[in-house]
Structure formats: structure tokens, C-alpha cells
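Visitor: give the three-dimensional model of this entry:
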Amino acid sequence: MPTRNSSDVIVIGAGVVGAACAFYAARAGLTVTVVDRGSVAGGTTGAGEGNLLVSDKGPGPELELALLSTGLWRELAADLPKEIEYEPKGGLVVASGEAAMCALRDFAAGQEKAGVTTQEVPKDRLRELEPHLASGLAGGFLYPQDAQVMPALAAAHLLRAGGDRVRLRLGEEVTGVLTGSAGEVRGVRTPTGEIHAPYVVNAAGTWGGELARLAGVDLPVLPRRGFVLVTEPLPRVVRHKVYAADYVADVASGSAALQTSAVVEGTPAGPVLIGASRERVGFDRTLSTEVLRRLAAGATALFPVLATVRAMRTYAGFRPYLPDHLPAIGPDPRVPGLLHACGHEGAGIGLAPATGVIVAACLADGEPPLDIHPFRPERFGPSPP
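Guide: As a prediction, this is how the structure comes out:
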């Protein structure tokens, strides 16, 4: 069992990615200390909508991760408490015009070849799936594999499911990474003292770049701000995760400028969650009325019934963005014993289980379930001199 000051591995970050790494490492027989300067799910995870998506990913490494995670989330949902609110409700992507519908059709065809289940929905069938959807849309695609969880509870229950092999140290900021004479990881330093382990996992989310610098390597993680509008509790007005086709392009964009696209979904508790916005403004949490105006306009264009509904609150979060839109997962050859599990941008909740399985396999000298070369942390270049 982990002691106060030593374990087999230290995971930095108690969000859902760090929780998944800790859970699967514990299941592999390792003892784990999870360190976070805040609370469980106190960062990006707590500000997330809980999306588990394949619908917004084209063929490639990230989609492979998402498909693996889809199956793992189903397994976890059977074992974790119902409070994580796992809902395999599916996603519906809609097109406003024929050109957008043709682009959606091409996108879905590529996804199907990669293993995604898609169902084209003609315009006259859209309201069978979503009775309150706006008229005049050109059609859409249904993605039955899309799902949703309550992310903060999912992170908490993953950590709890690790049992006695997982120890939490919350409210402790990592101020240094300890290394040996050959540069190998020996643990971390916090204001309360040293914690020793031969492995450290950087699951620090948006602060993953800062943690990497403490270890002497460069990982160009940047925050990408997003807002979510939350309505008053409603009857089930929105049955699926519903979003406009331009959301896919926004996800793939590297622009620092403000981008918004309509994303609307209901929750088991009743409120409707409305997104999505993206902009790189550092860690500025200033409320943007322009963003909220755009989100409300996009949501009511898709679901006119929401025009009469009250928005009860809004909150901001920061997605951990890497320039090529792929996370950094696995060992860092520049520092023996250092592993990364960060940079998932807005997909971290969905990709958390696959990330945890990969990290656990690397820690336990096992074989990762897929090719992790595209996610190698050193791909952005050498460490600064």
C-alpha cells in the first residue's frame, strides 16, 4: 500500500485523466499517490460537459483512442455507481443546408471505415429523434456510440475504485521533480515535503506544460477557454447530444480567435447544457457577454423552444490544447521515469480510460492496446538548452 511519502508511481492531477491513470495502475498491482494542488476534478474536468464522443473525430489516432475508450466506459459504467450518470444516449449532428449535409456524409463515410457506427437521418425524420428541433434543416447523422457522464463524479469514483492502493494528497502543489544522478525520476517536491516514487505521471491538464518544465522538458500545452450555459431544470427537451456540423471544424481548428458553434444536450437532472466556444486567452476567466450571446443564439436556432427558457448560470473552463490536437501519452525518453497523460483538449473525459490503460501498461511493462507513437511527448522538439 502507498505510504504518506512513497509509492510505486505518483500521478499529478486529480481530474478524470489522472483518476483513470491511478485506477488502471492500481488494477495492475501498483501503489499510487495522486497529488493535486486543488480538489478532485477542480480543473478542466469539473468544468466539462461529460462528453464521450466519436462523432467529432475523423479517422486517425484520436479516433482509435475514442473507440477504445467507448468500450472501456461501458465496462466502467457497469462497475461504478450510478451517480456517474453514464448515458449512452447517442449524438445527433445536423446540417443546415445541402452543402453541409454532403460534407457530413463524406465525413461519416470515412468514420465508418474506421469502425464508427453512423446512421444517416433524412430531414423528414429528424423530429422523430428530436421533437423540438428547428424546421428547415437538411438532415443529419446519428452516432449511437456517443455517450455522456457526470465528469466530476466519474473522477471521484474512479479514484475510490482504486481502493487502498490509491492515496490522495489534495491541496498540495508540486514545486519540483526529484531526479537521481542519471537524471531519472525519483519523486516530487511539495510545500509539505518530498514524495518518492520511481515514476511520475503528468496528468496536470492545462498546467501540463508547467509540470513538464519542472521536469526539465518542453511540452507546449496551452489553455483554450470555453463557456457553458446552463438552463433551469426542464422535462427532457433534448434527448441526444445535438450539434451543428460546423462544430467538427471548430474542434479541429488551431485558431486562437473566438469560435462558437451550437452544441446542446440535456442531462438526467433536467438542465440543458449549451456550448460550445473556443478561444486562446491564457487563463483569463473574465465573463464574455459576446460568447454567451452567441451560445444562446446558436442554441435557440437549433431548438426554438429554448428561447423562453431561463439560463440559470454559466461557467468557464480551459481545455489543455496541444498544437497538433493530439494528447501526449506515455513515457518521455528525455527524463527516465516521467510519463505524460495530458493535452487532450476538449476530449479528455471521453479519452480518459484509454489513456489510463496505456499509462498503466507502460508502467507495468505491458503492451499498450494500440500504437502510441502518434502521442509521444517528445514529438514537439528537443528540450530547451
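Visitor: which residues sit in contact with Val359?
Guide: Listed by Cβ atoms under 8 Å, 6 or more residues apart in numbering, the contact partners of Val359 are 21, 24-25, 201, 329-330, 339, 341. Using the backbone N, CA and C atoms, a C-beta is placed for each residue, glycine as well.
Visitor: over to Ala103?
Guide: Residues counted as contacts of Ala103 (Cβ under 8 Å, 6+ apart) are 95, 245.
Visitor: make TSV out of the contacts of Val359 and add distance to Leu292, pLDDT and secondary structure.
Guide: Output for the contacts of Val359, formatted as TSV (distance: Cβ to Cβ, whole Å; pLDDT from 0 to 100; DSSP: H, G, I helix; E, B strand; the rest coil):
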residue	distance to Leu292	pLDDT	secondary structure
Cys21	34	98	helix
Tyr24	38	98	helix
Ala25	40	98	helix
Val201	36	98	strand
Ile329	34	98	strand
Gly330	38	98	strand
Leu339	38	98	strand
Ala341	32	98	strand
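Visitor: any idea how many residues pack against Ala360?
Guide: Ala360: 25 surrounding residues under other Cβ atoms under 10 Å.
Visitor: equivalent analysis for Ala301, please.
Guide: Neighbour number of Ala301 under other Cβ under 10 Å is 16.
Visitor: list the helices and strands whichever helix or strand it is part of packs on?
Guide: Applying DSSP states H and E as the criterion places Ala301 in helix 289-302. Identification of packing neighbours for helix 289-302 by 3 or more Cβ pairs under 8 Å, 6 or more residues apart in numbering; DSSP states H and E yields strand 222-231, strand 241-244, strand 259-266, strand 272-278, strand 311-321.
Visitor: may I see the buried residues of it?
Guide: By neighbour count on 16 or more other Cβ atoms under 10 Å, the buried set for helix 289-302 is 291-292, 294-296, 298-302.
Visitor: likewise stretch 149-168?
Guide: For stretch 149-168, the neighbour count (16+ other Cβ under 10 Å) marks 149-159, 161-162, 165-168 as buried.
Visitor: next one: stretch 109-116
Guide: 111, 116.
Visitor: give me the contact list for that stretch.
Guide: For stretch 109-116, using Cβ under 8 Å, 6+ apart, the contacting residues are 54-55, 57-60, 63-64, 67, 108, 118, 143, 145.
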